[in-house]
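[1] Provide a 3D model corresponding to the input given below.
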Amino acid sequence: MNFRAVFSTVLFFMTMCLFSPTTSKAKDTVFEENLPKVTEVTTYGYRMPDPPDKFENLLPNLDVAFQVAYPILRALYKTDFEEYNFKGYLANDSIWVIYGDLKRLTEGGGPYIELNKNDGRVMVITHTK
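    Got it, this is the predicted structure:
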C-alpha cells in the first residue's frame, strides 16, 4: 500500500471524528440549564374554538358546488369559459363532478373538476383535450 492511500484513509477517519455529532452529557446539561423555567401558563385575549373533526354537507347542492368550482377553474386556466356549458352530478353520494362542454360543435375538451361534498376539497382538476 502506498503512502498516499494510507494518508488519505487516516485523514478521512480523523475528519469523521472531528465532524461527527457528540453525545456528551456535559454539553446537554449546560444547554438545559440555560433554558428558562416555565411554571405557569397565562393567556390573554380570545381563544378560537377548535375546528370540528368532520364537516358535514359543506356543499349541499350543485349550485353551491359550482360557485366554489368556477373561481378555481378561472384562476387556474385564466379564462372566463364563456364558450362552455357546465353540467354536473353527484357521484357516490359524496363527490360533485362538474365539467364543461363547448357550446358549438367543434373539437376540443373542457374543464373537469371533482369536489368533496362534505369538506369542499378539490379531488381532481383537469382540462380534457
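[2] Quick one: the strands in this protein, in order.
    For the chain, the strands identified by DSSP state E occupy 84-91, 95-102, 111-116, 122-127, in order along the chain.
[3] hmm, who's touching the first one?
    Looking back up the chat, that one is strand 84-91. Outside of strand 84-91, the residues that reach it under the criterion C-beta atoms under 8 Å, 6 or more residues apart in numbering are 62, 65-66, 70, 96-103, 110-111, 114, 117. Every C-beta, even on glycine, is put in place using the N, C-alpha and C of the backbone.
[4] List the buried residues for it?
    Neighbour-count burial for strand 84-91, with 16 or more other C-beta atoms under 10 Å as criterion, is recorded at 84, 86, 88.
[5] again, but for stretch 112-122
    Neighbour-count burial for stretch 112-122 flags 112-117 (criterion: 16+ other C-beta under 10 Å).
[6] ok, back up a step: using TSV, please lay out the buried residues of strand 84-91 together with distance to Leu76 and pLDDT.
    Shown next, in TSV, are the buried residues of strand 84-91 (distance: C-beta to C-beta, whole Å; pLDDT from 0 to 100):
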residue	distance to Leu76	pLDDT
Tyr84	14	84
Phe86	15	87
Gly88	17	90
